[in-house]
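*Asks:* What shape does this take:
(2 chains)
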Amino acid sequence: MSARKLSAVLATLLACTAAPALAQSVAITGGKVVIGDGSDPIDGATVLVEGGKVTAVGRDVAIPAGVRRVDASGKWVTPGLVVAITDLGLIDVGAVDESNDSGAGKSPFSAALDISYAINPDAQPIKISRAGGVTRAAVAPLGTDSIFGGQGAVIDLGADPDAVTVPRAFQYVELGETGADRAGGSRVSTWTELYNALGEAREIAANPNGARRDDVMLGRRDAQALVPVVTGKQPLYVHVERAADIRMVLKLKQEFPALRLVIVGATEGWMVAGDLAKSGVPVLATPLNDLPASFEQLGATQSNVGRMKAGGVKVSLGAFFDQPRYAPQYAGNLVGLTKVPGASGLTWNQAFAAISSGPAEILGMGDRFGSLRPGRAGDVVIWDGDPLEVTSGVVSVYIDGTEQPLDNHQTRLRDRYNTDNPGTLPRGYDW
Amino acid sequence: MPTMRSALLSAAALGLILTGTGPGLAKDKKEESPAVKAARDFNKDPYPSTYKPYPGRTTVITGATVFDGTGRQIDHGVVLIKDGKIAAVGSSMADMDIPADAVRIDGTGKYVTPGIIDAHSHLGDYPSPAVDAHSDGNEMTNPTTPNVWAEHSVWPQDPGFSRAMANGGVTALLVLPGSGNLMGGRGVVLKPVSARTMQGMKFPGAPYSLKMACGENPKRVYGSKGRAPSTRMGNLAVNRETWIKASEYRAKRNAGKLESRDLAMETLAGVLDGEILVQNHCYRADEMAVVLDMGKEFGYHVSTFHHAVEAYKIGDMLKASDTCSAVWADWWGFKMEAYDAIPENAGLLYKTGACVVIHSDDENGIQRLNQEAAKAQGDARRIGVVVPDGEVIRWLTLNPAKAIGIDKLTGSLEVGKGGDVVLWNGPPLSVYSRPEKVWVDGALLYDNQDRKRRAVSDFELGQPGEGDVK
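*Replies:* A predicted model of the protein is given here:
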């Protein structure tokens, strides 16, 4: 038997044994379970994960013999948080340039850039976000020299080398003030650049092996990367804030009907909620902008998400680059708004869905993760209290049914310094 | 406001006595040249506050849970605001002199705290919209600019002021220059009230602060310009050389030998006199320890380290020097010197007995200081450090008041202090709660039950969402 055949047999044997599946099986019992799909939490329910996937949730779930049981009585059990549009895995320290892969301003490429090559699953921001209950994220390329940021990825935050759930999950384009700056200084040039680029991609789509015209602007790789966008195979994520820009984005489909658009940012989305709802284009909204930070955000209000939701827009939270683990705080604030006269917010159930199943669905992966409905990934978080409340914290995290380590640089520092008696040797010996 | 005014004057008089140059001590007054006199007797308050409390009614809040800012919690408490001041705080109205026409507010199920105080803000200096034309917070043309005053950059129409009050319950804030310079200039305490002028927001009787900065920012800014400082040791050298000059200036002034005024040196001498508080941006523990020694070397006290993400490593030293740490709850890792930030920073400092202040340094964060403090409380609890709610409220009220030198005037619900009060619609340490009403010196300046009782800045008029709930 050749070595290759031997390893194939071994692999088959390994796949057949129950051990790996059991390692990814767990029954979390007694907790207050949030499915994450907008339904009410269920007290005293069991979440059963088998072979890495949720198989049952409810009060009367039969737990197969041999499955590890975890008592979550008095705790909350939720799906892992899904944060769309982050820079996780691209950065160690933001202001340390050589550790920061979120910008590629000097690259000759744009749309062809593929973020999945750069993801570092060992980066501290991933570990720290995981300890905050974030289990999946959409990572977007940010700064390039073009309006196109390149192709983003969907990742999981598991402590394993296999971080990328879906590479090339979407193309990212800047069409507001940032886009204008990159396109030559004006929104006028932004739109020309965009229509031209999509047009060149359409020509390639129509004639994949044909010669290109002499006067094309995009390099072949960049133009080819936009083919799945114009053919609707890959979503186009568009960052805009201003109401007028949002209206123009929605008009793109008149020229390119196959486009699958997602709007990112949308500070003034509430001003065009009717148009957004009618279009069916989903929105990943930055949650709490309420200052006129720029002239494309003059209408900023924290009621933006609530008003869009009430207006029938498919909206979830996203596009906050500070720390993904702030997602529950942002969602909780939207619940708080419901008590403020004149303000619009979300119900608790809507708010939690806006950081779990909502973004997963916008990413086109609501059937894979983002809720505890059967068949979804066993991404489960146990909390010591209401997960949207700022005083609450994470007790444990499972990804694909595997319990995750929650230690990181911060917890190690905390443990080193949270001692009244440092001992006779300096703290450097305490590890 | 006579009381405040006299407080300010007496502070100035105290300064003169401390310097040893008061009229009674100058022996050879007749021989003094006009230049010497000008350098000594300059007006220390040339841009005086014109703020006057807005009309308020005597108001009594009953039945609420009261956190008085000193750490105390009173269930079903009563707070009486009269003549712009805290007139009474207790658990019963029985002993209170409440006029028949007082506004009575049933606070049952609600919460009362002192007005929230942010010890670190750039509102007005880096206003919204954040366009280049508005970037007025860092005079990065010289590594030491103690001659600049943050108040001279303040744009009172920054919409951030009204957001801070409405969403954050903020009634006082220290507006500081940025941290691009080692000595960035003077900071000013403001009230986030609608006003035509900076002077109309200026907190009467508040001392000035000097903003200083350690670490990466100054050495990056000036190193990239090819000049000193370009290293941390350069930071210290430039600081020390400047303090040496300031010490010489002050000695000369005390001896009556100054020939001319020097704006920069007046600020630094004010620090050495103890009149101007030092607010030192500093992240790393080792650098804070060096700064404390520099303070000893030149005879000044660091009131507060700002950001202080590694304060938890040196809580004992900070306690011993009576230096507050103004910290975020959990900002982390955005720059190298923030790499050792931990969410338990505030909790560990509290455990050590050091002064904790939760600050924002952010036009959005200032709207949620209560939530930041609550996060720090939760993170402390999970390592076994239980901080009572009343103490956490102190991190947002009396402690920042102390850090910026206004603790005799506000920061707690103690009789005689300014009537700076927030009525919250739920527990203030919850993400679900917001200010319902905010009083500043007894005047109701925000009320979420009254859509007109919120300030809309000039900039927002005629814009989308004018007067909108924000």
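*Asks:* From residue B:44, how far off is residue B:36?
*Replies:* Separation of residue B:36 from residue B:44 (C-beta to C-beta, to the nearest Å): 17 Å. Where you see a C-beta, it was placed from the backbone N, CA and C, and this is true even at glycine.
*Asks:* Give me the neighbour count for residue 283.
*Replies:* Because you didn't say which chain, this covers chain A. Neighbour count of residue A:283, defined by other C-beta atoms under 10 Å in any protein chain shown: 26.
*Asks:* Not quite, go with chain B.
*Replies:* Applying other C-beta under 10 Å, we find 25 residues neighbouring residue B:283.
*Asks:* What of residue A:427?
*Replies:* 12.
*Asks:* didn't it look like it was pressed against residue A:417?
*Replies:* Yes. If you go by C-beta atoms under 8 Å, residue A:427 and residue A:417 touch, sitting 7.4 Å apart.
*Asks:* right, and the helix or strand after the lengthiest helix in chain B?
*Replies:* If each helix of chain B is counted by residues according to DSSP state H, the longest one is helix B:232-254. As assigned by DSSP states H and E, the chain's next helix or strand after helix B:232-254 is helix B:263-272.
*Asks:* What residues sit buried inside that following helix?
*Replies:* B:264, B:265, B:266, B:267, B:268, B:269, B:270, B:271, B:272 (16 or more other C-beta atoms under 10 Å in any protein chain shown).
*Asks:* for stretch B:40-49, same thing?
*Replies:* Buried-residue list, stretch B:40-49, by 16+ other C-beta under 10 Å: B:40, B:44, B:49.
*Asks:* Which strand or helix spans the second one?
*Replies:* In other words, residue B:44. Per DSSP H and E, there is no helix or strand for residue B:44.
*Asks:* Counting neighbours, what do you get for the residue of the stretch 51-200 of chain A found nearest chain B?
*Replies:* Here the residue of the stretch 51-200 of chain A nearest chain B is residue A:95; by C-beta to the nearest C-beta that distance is 3.8 Å. Residue A:95 has 15 neighbours, counted by other C-beta under 10 Å.
*Asks:* Helices along the stretch 1-150 of chain A, start to end?
*Replies:* Using DSSP state H, counting those that start in this stretch, the helices assigned to the stretch 1-150 of chain A run over residues A:3-16, A:19-23, A:124-131.
*Asks:* Could you pull up the residues touching residue 365?
*Replies:* Unless you meant another one, I'm taking chain A. The contact partners of residue A:365, by C-beta atoms under 8 Å, 6 or more residues apart in numbering or on different chains, come to A:136, A:154, A:165, A:166.
*Asks:* not quite, I wanted chain B
*Replies:* Residue B:365 makes contact with B:328, B:372, according to C-beta under 8 Å, 6+ apart.
*Asks:* Check the burial of residue B:76 by counting its neighbours.
*Replies:* Per other C-beta under 10 Å, the neighbour tally for residue B:76 reads 13.
*Asks:* Hmm, it is touching residue B:90, no?
*Replies:* No. Under the criterion of C-beta under 8 Å, residue B:76 is not in contact with residue B:90, lying 10.4 Å apart.
*Asks:* if I look at the nearest residue to residue B:229 once chain neighbours are set aside, how far off is residue B:211?
*Replies:* Counting by C-beta to C-beta, 6 or more residues apart in numbering or on different chains, residue B:229 lies nearest to residue B:235, which is 4.6 Å off, once chain neighbours are set aside. Using C-beta to C-beta, residue B:235 is found at 14 Å from residue B:211.
*Asks:* Neighbour count for those two, which is higher?
*Replies:* Just comparing residue B:235 and residue B:211: by other C-beta under 10 Å the higher neighbour count belongs to residue B:211, 29 against 26.
*Asks:* Am I right that that one falls within a strand?
*Replies:* Yes. Applying DSSP: H, G, I helix; E, B strand; the rest coil, one finds residue B:211 inside a strand.
*Asks:* can you pull the contacts of it?
*Replies:* Neighbours of residue B:211 in contact, by C-beta under 8 Å, 6+ apart: B:150, B:176-179, B:183-187, B:279-281.
*Asks:* Which neighbouring elements make contact with the helix or strand encompassing residue A:250?
*Replies:* Counting by DSSP H and E, the element that carries residue A:250 is helix A:243-255. Secondary-structure packing of helix A:243-255 (3 or more C-beta pairs under 8 Å, 6 or more residues apart in numbering or on different chains; DSSP states H and E): helix A:187-206, strand A:236-240, strand A:261-265, helix A:273-279.
*Asks:* buried stuff in it?
*Replies:* Under the neighbour-count criterion of 16+ other C-beta under 10 Å, helix A:243-255 has A:243, A:245, A:246, A:248, A:249, A:250, A:252 buried.
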